[in-house]
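[1] From the sequence below, what's the structure:
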Amino acid sequence: MEKLVLLKEVFDLVFNDSEEEESDNDIRVIKTHFKKCKNYVGNAVANLTNHSTEEHVPSNNNEDSVTVHGQVKTNENFVEHIVPKMADKSFKQHFCVEPEVFEIICKDIYPFLYKKYGPGRNAIKLDKQILMTLCYLGNNEALRSISDKFDVCTSTSWRIVSNVCNAILKLDEDTHIIKWPNQKEAKNTSKHYCDIYNLQGVIGCIGSCHIKTREPVTSKNSYKNKDRTYSIPLQAVSNEKMEFLYYYVGECGSLDNALLMEKSGLEYQINSGFIIIQISNTT
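    Numbers count the residues shown, from 1 in each chain. Here you go, the predicted structure:
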């Protein structure tokens, strides 16, 4: 009530319809009341903001819920409490792999990421690092969003994603994850395409796509594709299980599919006999 009376007094002084000139005393009163009103309004806005924030902060009782309107809630216990309670379908939607595949990745990549940390330094767990990388690679999610979700700073997110990607490349060098099929695998793939499409001797399907990228600092036109966006083309061969057998990436986005095929050298390798995969007709 005191605030309302004070506001009324100020309005009466400021918007007085009388033609009498304002005295110095009236002006001092206006300034004094205006300062008080400013303080009251400032405090009211601060209280309103705090109240609004408190209403939208999830309570501790709701921390373990997995989704809100189809989106994952973000808090500091995301990996520890929320991810383990995800259904397999929900896990794949968010990380683009099955939970079983995620476990295999963690097991295979562990030797390439394991480090011994001295006292006083807390290492980020391996599963958390891989989940962050899967979010970045599979969902095209911004690093800032990933940082908020996994409760780390943006620079740490970038370092983790880079380290995990480098570890995957080292793993591929040692185990050849992406490789041409052996005779048995090629036979199974060929039978699959023959039974469905009546095509003989097919061991994979070749295709290409463009990976969107930011506008480069130099050679902008070279990376601009036919859709007038900046990209890097990817050419790949996959089998009936959607497994990569071969890939070629790194050229400028302005290259069309024919030039990309020529630059990759895949056609030359096949025609020259560099790549030979025999498919036995015997059962």
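
[2] Would you map the helices across the stretch 101-250 of the chain?
    Counting by DSSP state H, counting those that start in this stretch, the stretch 101-250 of the chain forms helices over residues 126-139, 143-150, 154-175, 183-197, given from the N-terminal end onward.

[3] Turn the ones you listed into CSV, columns for distance to Cys252.
    All C-beta atoms are positioned from the backbone trio N, CA, C, and that covers glycine. Supplementary listing: the helices of the stretch 101-250 of the chain in CSV, determined by distance: least, C-beta to C-beta, whole Å:
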stretch, distance to Cys252
helix 126-139, 22
helix 143-150, 25
helix 154-175, 22
helix 183-197, 32
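
[4] Deepest-packed of these, please.
    Here the criterion is mean neighbour count by mean count of other C-beta atoms under 10 Å, and of those the winner is helix 126-139, at a mean of 20.

[5] what's next to stretch 92-99, contact-wise?
    Residues outside stretch 92-99 that contact it (C-beta atoms under 8 Å, 6 or more residues apart in numbering) are Val72, Met86, Asp88, Phe91, Phe102, Ile105, Leu131, Leu134, Cys135, Leu137, Gly138, Asn139.

[6] Do you know the pLDDT at Tyr117?
    What the model reports for Tyr117 is a pLDDT of 53.

[7] For Tyr193, see how far away the closest residue in space to Gln129 that isn't next to it in sequence is.
    Leaving aside its chain neighbours, Gln129 sits nearest to Ile160 (4.9 Å; criterion: C-beta to C-beta, 6 or more residues apart in numbering). Relative to Tyr193, Ile160 is positioned 40 Å away (C-beta to C-beta, to the nearest Å).

[8] low pLDDT regions in the stretch 1-150 of the chain?
    Along the stretch 1-150 of the chain, segments meeting pLDDT under 70 span 1-76, 116-122.

[9] about what we covered before: can I assume the residue nearest to Gln129 is in contact with Ile124?
    Yes - if you go by C-beta atoms under 8 Å, Ile160 and Ile124 touch, sitting 6.7 Å apart.

[10] Touching both of these two, which residues are there?
    Here Ile160 and Ile124 share the contacting residues Val152, scored by C-beta under 8 Å, 6+ apart.

[11] which residues touch Ser238?
    Gly204, Cys205, Gly207, Phe244, Leu245.

[12] now, the most widely separated pair of these?
    Gly207 and Leu245 (11.9 Å; C-beta to C-beta).

[13] More neighbours: which of these two?
    Neighbours were tallied for Gly207 and for Leu245 using other C-beta atoms under 10 Å; the higher tally belongs to Leu245 (20 against 11).

[14] Kind regards, and thank you for your time.
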